[in-house]
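# Return a 3D structure for these sequence lines:
(one chain, ligands or ions: 2)
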Amino acid sequence: MSDCIFCKIRDGQVPARAVHRDEQCMAIEDINPQAPTHLLVIPLEHIPTVNDLTVDHRALVGHLYLTAAKLARQRGIADNGYRLVMNTHRDAGQTVFHIHLHVLGGRPLEWPPG
Ligand code: AMP
Ligand code: ZN
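Numbering: from 1, shown residues only. Ligands and ions are numbered 1, 2, ... in the order given. As a prediction, the model looks like this:
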């Protein structure tokens, strides 16, 4: 956990472009954006993958989605549409093992993804 980049951002040890923070989560601009809007909604708690979620996280997961929807409205992309993605392990391309919800929008997004 100590070398987790998102824990370091949470703790102020690594800079990031933060766009939201509350008692349960933070949201930052992705450092390598794949769309005009590319945010990451990240729980403050270190949870490595979706596989590590338990029933105790139900409210937290709901909060991540509600926060993502609020940020999408703030960005003005809610009506045109956007994509929320949480990658899990190798086949999905997860690279940071602290769960995060990608918020992608601002252009038409290809489907299915590559
Ligand atoms: P994933 O592949 O789903 O694990 O996504 C990890 C995301 O985190 C990628 O889109 C990266 O560009 C992004 N990322 C990695 N390091 C940073 C950082 N220091 N600040 C902001 N975004 C980051
Ligand atoms: Zn972490």
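
# only C-alpha atoms for contact and neighbour calcs from this point on.
Will do.

# The closest residue to A18 other than its chain neighbours: what's it in contact with?
Residue nearest to A18 in three dimensions, not counting chain neighbours: I28, with 4.2 Å by CA to CA, 6 or more residues apart in numbering. Going by CA atoms under 8 Å, 6 or more residues apart in numbering, I28 touches A16, R17, A18, V19, H20, L39, L40, V41.

# try 10 Å
Residues in contact with I28 (CA atoms under 10 Å, 6 or more residues apart in numbering) are 6, 9, 16-21, 38-42, 102.

# Now for P48, how many residues are close by?
17 (other CA atoms under 10 Å).

# Relative to the whole chain's centre, how far out is the longest strand belonging to the chain?
In the chain, assigned by DSSP state E, the strand with the most residues is strand 37-43. Distance, stretch centre to chain centre, for strand 37-43: 3 Å (CA atoms, centre = their mean, to the nearest Å).

# helix or strand right after that strand?
Sequence order places helix 58-75 as the next helix or strand after strand 37-43, per DSSP states H and E.

# Summarise which helices and strands that following helix is packed against.
strand 18-21, strand 25-29, strand 37-43, strand 82-85, strand 101-105 (3 or more CA pairs under 10 Å, 6 or more residues apart in numbering; DSSP states H and E).

# Include mean pLDDT when you put these into JSON lines, please.
Formatted as JSON lines, the helices and strands packed on helix 58-75 follow (pLDDT from 0 to 100):
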{"stretch": "strand 18-21", "mean pLDDT": "98"}
{"stretch": "strand 25-29", "mean pLDDT": "99"}
{"stretch": "strand 37-43", "mean pLDDT": "99"}
{"stretch": "strand 82-85", "mean pLDDT": "98"}
{"stretch": "strand 101-105", "mean pLDDT": "98"}
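
# of all the ones you listed, which lies closest to D56?
In terms of CA to CA, the element of those nearest to D56 is strand 37-43, at 13.5 Å.

# Remind me what that closest one packs against, helices and strands.
helix 5-10, strand 18-21, strand 25-29, helix 58-75, strand 82-85, strand 101-105.
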